[in-house]
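Asks: Please work out how this folds:
(chains A and B)
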Amino acid sequence: MLFSLRLPVVEMTANFSVSVQQQDFDVSAELTLLREQSSQVGAIANFVGVVRDINDQQNVATLELEHYPGMTEKSISDIMAQAAERWQLLGGRVIHRIGKLSPGDQIVLVAVSSLHRGEAFAACEFIMDYLKTRAPFWKKELTPDGERWVDARDSDHSAAERWNYSF
Amino acid sequence: MVTVLFFARIREQLGIDRLSLILPQEPMTVSRLKQHIVDIHNPDWSDILMADNVIKAVNQEVVDDNHSLKEGDEIAFFPPVTGG
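Replies: Coordinates of the predicted model:
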């Protein structure tokens, strides 16, 4: 496995982890794990993405998620390391689901723990904005009219630009 | 040998998800590799691989067309990402 030489070396502890998986996740259990990792935890911020039933005026029956095995985990680990450089974080957890999903299903979890809420909120948004524009996942919608690949949104790129990613 | 991977819409358009190639002798960049793949496989692949929005990664890092390749590299071509 090759790691980028452009990235600063950040000590990533066992308190930061990434999973790419088909199965659903239990938000409450994940937050409990983050809370119990350190007695210093004063704040945990989290974001849960959910599959919509309508996208661009089309009914969506099923969503299929493809990814680039290895690069997804690596790119999300890299961004968590970047977040840990910018803010004083105590732990982080990202879970992204792949395969077939239905409207209402959870698709992604980003959770971050810190001493105070400001850092947790900011780092959570930072990681999520990155994920939307850089992590190699692709959605295909299966609709009553057939299947189609979802197009990338300009608004996601605008949201990501504010962070001035260094890579 | 190098491994070339294709994902999502590009994988479907090409009808193939990976290739193993012997790198030609001359210094090779990502952009030359795309031309080489088109030359040895299918002229119809040109529009798909040369499109402006194709993202290129080498050893799982995003790179630009001028990136130099070496033996053993894993090169991937994919469309803009839509996760999250």
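Asks: what's the model's confidence in stretch A:78-98, averaged?
Replies: Mean per-residue pLDDT for stretch A:78-98: 95.
Asks: Low-confidence stretches in the chain?
Replies: Just so you know, I chose chain A. For chain A, the stretches with pLDDT under 70 are A:1-13, A:56-57, A:165-167.
Asks: could you do chain B instead?
Replies: In chain B, no residues with pLDDT under 70.
Asks: Which residues of it lie near chain A?
Replies: B:5, B:7-9, B:55, B:57, B:59-62, B:76, B:78-84 (C-beta under 8 Å from any C-beta of the partner chain). All C-beta atoms are positioned from the backbone trio N, CA, C, and that covers glycine.
Asks: now the helices: where do they sit in chain B?
Replies: B:8-14, B:30-40, B:45-50 (DSSP state H).
Asks: so the residue in chain A that chain B sits nearest to bridges to which residues?
Replies: Per C-beta to the nearest C-beta, residue A:137 is where chain A lies closest to chain B, at 2.7 Å. Residue A:137 has these beta-bridge partners by DSSP bridges: residue A:67.
Asks: now do the one 5 residues further on
Replies: Applying DSSP bridges to residue A:142 gives these bridge partners: residue A:62, residue A:147.
Asks: Might you report the residue contacts of it?
Replies: A:60, A:61, A:62, A:63, A:64 (C-beta atoms under 8 Å, 6 or more residues apart in numbering or on different chains).
Asks: For those, which ChimeraX command selects only the ones that are buried?
Replies: ChimeraX command restricting the contacts of residue A:142 to the buried ones, with burial defined by 16 or more other C-beta atoms under 10 Å in any protein chain shown:
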select /A:60,63
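Asks: ok, whatever residue of chain B ends up closest to chain A - how many residues close by?
Replies: Residue of chain B nearest chain A, by C-beta to the nearest C-beta: residue B:83 (2.7 Å). By other C-beta atoms under 10 Å in any protein chain shown, the residues close to residue B:83 number 25.
Asks: for it, what are its contacts?
Replies: A:65, A:67, A:72, A:96, A:108, A:131, A:132, A:135, A:136, A:137, A:138, A:139.
Asks: how close does the nearest residue to the first one once chain neighbours are set aside get to residue A:17?
Replies: Right, the one you point to is residue A:65. Leaving aside its sequence neighbours, residue A:65 sits nearest to residue A:98 (C-beta to C-beta, 6 or more residues apart in numbering or on different chains; 4.6 Å). Counting by C-beta to C-beta, to the nearest Å, the gap from residue A:98 to residue A:17 is 17 Å.
Asks: Show me which residues of stretch B:1-14 are buried.
Replies: Neighbour count says stretch B:1-14 has B:2, B:4, B:5, B:6, B:7, B:8, B:9, B:10, B:11, B:12, B:13, B:14 buried, by 16+ other C-beta under 10 Å.
Asks: Does residue A:105 touch residue A:48 like I think?
Replies: No. If you go by C-beta atoms under 8 Å, residue A:105 and residue A:48 don't touch, sitting 10.6 Å apart.
Asks: which residues are in contact with stretch B:49-59?
Replies: A:2, A:68, A:71, A:136, B:10, B:30, B:34, B:37-38, B:48, B:62-65, B:67, B:69, B:73-81.
Asks: of the residues you listed, buried ones?
Replies: Looks like the contacts of stretch B:49-59 have A:68, A:71, A:136, B:10, B:30, B:34, B:37-38, B:48, B:62-63, B:67, B:69, B:73-81 buried, using 16+ other C-beta under 10 Å.
Asks: which residues in chain B form strands?
Replies: B:2-6, B:18-21, B:55-58, B:61-63, B:74-78 (DSSP state E).
Asks: Show me what the fourth one packs onto, helices and strands only.
Replies: Think strand B:61-63. Here strand B:61-63 touches strand B:55-58, going by 3 or more C-beta pairs under 8 Å, 6 or more residues apart in numbering or on different chains; DSSP states H and E.
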